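Colleague: Show me how the following folds:
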Amino acid sequence: MLPHGANAIQSLQRLQFNWQFSVPKDESDPMPVLRSTFAYLWASPNTLLGLLLGGVSMLFGTRIQFVEGVIEFHGGPITWILARMPIDGGAMAMTIGHVVWGRTPAALEITRVHERVHVRQYVTWGPLFLPAYAIASLAAWWRGESAYRGNCFEREAYDVSG
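Modeller: All right, here's what the predicted structure looks like:
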């Protein structure tokens, strides 16, 4: 049952804003702004999916924060979804474009470096990332490895994050 009235308003009032911007050193050079804009647009189909599901979950208690140009959702149904991901113990966090879902604020903090690697992968692959990730998981499974830990995208994220 969807909350309505005061409950929905309270959900929206719990928003946490921690938006951090980086300003190009040479403000007359438009290239950093153009590259950043293109990166967001290229990853936007995936980001919209993460925003849609995260936004709906806010009606049921999920919280939102903005960190380093990435939208982070935590708690509520997001916690339930991540706990049931098909890896041992579920997932602490998951990236969808420029959106990261985490079980808790602490989980987002712990996994931030790892998940930012995935954000960069979405910027590189754009709308092709989700099919590429699925193919990489299938290839890992075919080689007899874990579909998760053997996935080349996850390997890169673990290599960077330790």
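Colleague: Buried residues, the helix ranked longest in the chain. List them.
Modeller: Secondary structure of the chain per DSSP state H: the longest helix is helix 31-58. Buried residues in helix 31-58, counted by 16 or more other Cβ atoms under 10 Å: Ala39, Trp42, Ala43, Ser44, Asn46, Thr47, Gly50, Leu51, Leu53, Gly54, Ser57, Met58. (Glycine included, C-beta is placed from N, CA and C.)
Colleague: got a list of what the fourth one touches?
Modeller: Same thing as Ser44. Contact partners of Ser44, counting by Cβ atoms under 8 Å, 6 or more residues apart in numbering, are Gly97.
Colleague: Can you give me the distance of it to Val123?
Modeller: Distance of Ser44 to Val123, given as Cβ to Cβ, to the nearest Å: 11 Å.
Colleague: ok so, going back, just give me the closest of the buried residues of helix 31-58 to Glu72.
Modeller: For the buried residues of helix 31-58, the closest approach to Glu72 (Cβ to Cβ) belongs to Gly54, at 8.9 Å.
Colleague: Give me the spatial nearest neighbour of the closest one, chain neighbours excluded.
Modeller: Spatial nearest neighbour of Gly54, chain neighbours left out: Phe73 (3.9 Å); criterion: Cβ to Cβ, 6 or more residues apart in numbering.
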